[in-house]
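Participant: Dropping a prediction and its sequence here:
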Amino acid sequence: MGISALHWPWQPEGCHSHSRAYILLPHCIALPCRQVPQLACIHNFNRHRHIEPVCSSAGGSSSKSRANTAIVGASSSGSAVTKTASRPPMTVTPLYNGKKAVVVGAGPAGSTVAMYLARQGFTVDVYERRPEPKSDAVDTGRAYIIILNPRGQGALEELGVLLPKSGEHITKGTVRHPKNGKLGISREEGNVTFSRSGLAQYLINQARSFYPDQVKFHFSCTCQSVDVASQQITFGVAESSSGNGSCSTVQEHYDLLIGADGINSVVRSALQQHYQDMTVVIGDSGREYKTYQGMRGDIEPEEFKVNPGATLHLWTSDDPWTTFTAHSNPDGTYSGTLSLKTGGFAELTTQQQYEQLIRNKFAGVPDDWVPAIAQQVVNEKPSSAGKRIRCSRLDGPSILLLGDAAHAVTPVFGQGANSALESCEVLGSVLQQAGGQLDKVPQRFTAARLADMHALNELDAKAYSFFRRRGLLDPDFLQLLSHVVLGTILSKIVPFLYGNKPALLKLGSNIRYSTVIAAVRRDSLLAAAGFAAFALWASYKLAVLLAG
């Protein structure tokens, strides 16, 4: 994880405009789920969501009421959230009453899809291999955050889930600490910040509150096998009272199985065995990180000291792979990550070496933090900064994959959790349009979502050109650069034809990922054609000059 020091040519230094939102673009991987790099200004995100119909024969309406209502949610710790005006969920007629769904994985995607299924009449059992987040010391100790942008927020708003809009959950902005010590500040508006475990627990609480009779959660249950033909799934349940590590097994029959069980998905493996031609390509970020917690200090710029809110600090170095982050916690402390290129931590064996690395690479890290952080991380095992997964299909007989099990990406664009929640919303639309014909849902979901997920995978892979630092010799770098530079120019000259900004700078909105990658390819071809035409013209002029 971490961010690189490469500056994007369209990046305005020290943007402070309250009328804009900002997104970090490639080459920071510092926090799983919002590891993003340099700061590029983006105008206000479009919060009005729309999922395009999957087929014309579908029944049901996709319109969404926006009347105000008051909904009481629960905070990540289970405490009440102040009532706030919010639109109610879309009214739907349950089309799948009496059907049984099993969801594997109780992360943000698993809990969210459980609510979409229950809304359509399913009874839902959600199985999770880990303990409930609030009781899981390992999970609650994870030092990274998830920032929900309007893409992810819209999927929850569709359900009527109220997100906190004040206090420590509000994203105030990002502070960049480059090697030269000159701070760069970007304000952000409209985004909501959670710890990973906090978001997971929050959505579990919401599912229990909204659908107490339909959604049941089962924790410390490991998925052991899936019998695709008989629609049976088996879980191992730890017998905690026995003290000898033994476990019992539970079998469930399902009408619909959702694999939201992460990168190492057992459900996905079962589909691969069922479909011999199914391909799954797993790519690695090439980064590793270690986490620290509990630091206190005055590191906020004056702009961020006024009102409560969440801030993210990103330290860059002379090496794009080596970065350091700190994010604020509700209790006033800071947690964060130290990130290196894969294998880099193997060369650091003592606390003194870690202290030296932090002092030499990152300007402005508080002096009293350095030995404390070094002590925490010296014996910690590094974690991968993320993987990207590309599946040739997202469905099987009465089975669907979503979230990291289906389309994991690295944190470089901050789209992991947001795309997972959007997949849940797409499934909700597909269920409605299928009109109760459950057998049609799996293939229609793949038809509605696969192209966008492949597009996101491609965008994520291209972003790593900023780590490779080959400049104009790297075709991926050249494509992204051409798109943003040419798109920025065209958006000023012919906004009525091109739009108000390059598509890549709209990732936080509800723009389809396939639309973004198509725009990147188109603009890079236009830029190449323009350059070739200019070169031809220049050659002609030179030839005329020499001939004269």
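Facilitator: The structure has been received and is ready for your questions.
Participant: can you tell me how far Phe477 sits from Val544?
Facilitator: For Phe477, the distance to Val544 (Cβ to Cβ, to the nearest Å) stands at 35 Å. C-beta here means a position set from N, CA and C on the backbone, and glycine is covered the same way.
Participant: Compare neighbour counts for those two and give me the winner.
Facilitator: When neighbours are counted by other Cβ atoms under 10 Å, Phe477 and Val544 differ, and Phe477 comes out ahead with 21 against 9.
Participant: Would you verify that the more buried one is located in a helix?
Facilitator: Yes: assessed by DSSP: H, G, I helix; E, B strand; the rest coil, Phe477 belongs to a helix.
Participant: for Arg129, phi and psi?
Facilitator: Dihedral pair for Arg129: phi -70, psi -30, per degrees, to the nearest 10.
Participant: Nearest residue to it in space, please, no chain neighbours.
Facilitator: Thr222 (4.6 Å; Cβ to Cβ, 6 or more residues apart in numbering).
Participant: How about Leu431?
Facilitator: Of all residues not flanking Leu431 in the chain, Gln120 sits nearest, at 5.0 Å (Cβ to Cβ, 6+ apart).
Participant: go on, Thr515?
Facilitator: Take Thr515 and drop its neighbours on the chain: the residue closest to it by Cβ to Cβ, 6+ apart is Ala503, 6.1 Å away.
Participant: quick one on the thing from earlier: what's the residue nearest to Leu431 in contact with, if anything?
Facilitator: For Gln120, the contacting residues are Val92, Pro94, Leu95, Tyr96, Gly428, Leu431, Gln432, by Cβ atoms under 8 Å, 6 or more residues apart in numbering.
Participant: Throw these into CSV and include neighbour count, thanks.
Facilitator: As requested, those are exported to CSV (neighbours: other Cβ atoms under 10 Å):
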residue, neighbour count
Val92, 15
Pro94, 15
Leu95, 19
Tyr96, 22
Gly428, 25
Leu431, 29
Gln432, 24
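Participant: Inside strands: which ones of those residues?
Facilitator: Using DSSP state E, no member of the contacts of Gln120 falls in strands.
Participant: wait, which of these is closest to Arg176?
Facilitator: Arg176 has its nearest neighbour among the contacts of Gln120 in Gly428, at 37.6 Å by Cβ to Cβ.
Participant: Buried ones in the helix ranked longest in the chain, by neighbour count?
Facilitator: For the chain, the longest helix by residue count, based on DSSP state H, is helix 513-547. The neighbour-count check on helix 513-547 (16 or more other Cβ atoms under 10 Å) flags Tyr513, Ser514, Val516, Ile517, Ala519, Val520, Asp523, Ser524, Ala527 as buried.
Participant: contacting residues around the closest residue to the fifth one other than its chain neighbours?
Facilitator: This points to Ala519. Nearest non-adjacent residue to Ala519, counting by Cβ to Cβ, 6+ apart: Ala503, 3.8 Å away. Counting by Cβ under 8 Å, 6+ apart, Ala503 touches His483, Gly487, Ile511, Thr515, Val516, Ala519, Val520.
Participant: Over to Leu526?
Facilitator: Contacts of Leu526 (Cβ under 8 Å, 6+ apart): Ser482, Leu486.
Participant: Okay, it and Gly154: tell me how far apart.
Facilitator: The gap separating Leu526 from Gly154 is 31 Å, by Cβ to Cβ.
Participant: what about Val102, how many neighbours?
Facilitator: By other Cβ under 10 Å, 29 other residues sit near Val102.
Participant: Next one: it, what pLDDT does it get?
Facilitator: The score at Val102 is 98. That number is its pLDDT.
Participant: Which of the three states applies to it?
Facilitator: Val102 - assigned by three-state DSSP - is strand.
Participant: Ser209 too?
Facilitator: Criterion first, three-state DSSP; result for Ser209: helix.
Participant: What's the local residue count around it?
Facilitator: By other Cβ under 10 Å, 15 other residues sit near Ser209.
Participant: mind listing what Ala535 touches?
Facilitator: Counting by Cβ under 8 Å, 6+ apart, Ala535 makes contact with nothing.
Participant: State the distance from it to Leu542.
Facilitator: With distances taken as Cβ to Cβ, Ala535 is found 10 Å from Leu542.
Participant: again with Arg444
Facilitator: Distance, Arg444 to Leu542, by Cβ to Cβ: 58 Å.
Participant: residue ranges of the strands in the stretch 201-350 of the chain, please?
Facilitator: For the stretch 201-350 of the chain, the strands defined by DSSP state E, counting those that start in this stretch cover 215-218, 221-227, 232-238, 247-253, 256-259, 280-284, 287-295, 310-315, 323-328, 334-341.
Participant: could you give the angle of the third one to strand 221-227?
Facilitator: The directions of strand 232-238 and strand 221-227 differ by 160 degrees, with axes from the mean of the first three to the mean of the last three Cα atoms, to 10 degrees as the criterion.
Participant: which sections of the protein are below the confidence cut-off?
Facilitator: 1-90, 137-143, 240-246 (pLDDT under 70).
Participant: all helices for it, in order.
Facilitator: Under DSSP H, the chain gives helices at 108-119, 137-140, 150-157, 196-210, 266-274, 351-361, 369-377, 404-407, 416-433, 441-463, 465-468, 475-493, 495-498, 513-547.
Participant: Present those helices as JSON lines; the columns should include distance to Ala260.
Facilitator: Compiled in JSON lines, those are given as follows (distance: least, Cβ to Cβ, whole Å):
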{"stretch": "helix 108-119", "distance to Ala260": "4"}
{"stretch": "helix 137-140", "distance to Ala260": "16"}
{"stretch": "helix 150-157", "distance to Ala260": "13"}
{"stretch": "helix 196-210", "distance to Ala260": "11"}
{"stretch": "helix 266-274", "distance to Ala260": "8"}
{"stretch": "helix 351-361", "distance to Ala260": "36"}
{"stretch": "helix 369-377", "distance to Ala260": "31"}
{"stretch": "helix 404-407", "distance to Ala260": "6"}
{"stretch": "helix 416-433", "distance to Ala260": "8"}
{"stretch": "helix 441-463", "distance to Ala260": "13"}
{"stretch": "helix 465-468", "distance to Ala260": "29"}
{"stretch": "helix 475-493", "distance to Ala260": "30"}
{"stretch": "helix 495-498", "distance to Ala260": "37"}
{"stretch": "helix 513-547", "distance to Ala260": "19"}
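Participant: Out of the ones you listed, flag the one nearest Ala238.
Facilitator: Using Cβ to Cβ, the nearest of the helices of the chain to Ala238 is helix 137-140, at 14.8 Å.
Participant: Could you report the neighbour count for Glu252?
Facilitator: Applying other Cβ under 10 Å, we find 15 residues neighbouring Glu252.
Participant: who's in contact with Cys424?
Facilitator: Ala109, Thr112, Val113, Tyr116, Ala155, Leu402.
Participant: my read: the fourth one touches Ser423, true?
Facilitator: No: contact between Tyr116 and Ser423 fails when scored by Cβ atoms under 8 Å: they sit 10.1 Å apart.
Participant: coming back round to it: state the distance from the residue nearest to Thr515 to Ala229.
Facilitator: Distance from Ala503 to Ala229, by Cβ to Cβ: 43 Å.
Participant: distance of Phe477 from Ala326?
Facilitator: 29 Å.
Participant: ok, Glu422 to Gln352 distance?
Facilitator: Taken as Cβ to Cβ, the span from Glu422 to Gln352 is 46 Å.
Participant: Give me the contacts around stretch 211-219.
Facilitator: Contact with stretch 211-219 is made by 106, 114-115, 118-119, 122-128, 130-132, 135, 204, 207-208, 235, 237, 250, as judged by Cβ under 8 Å, 6+ apart.
Participant: can we see that at 7 Å?
Facilitator: 106, 114-115, 118, 122-128, 130-132, 204, 207-208 (Cβ atoms under 7 Å, 6 or more residues apart in numbering).
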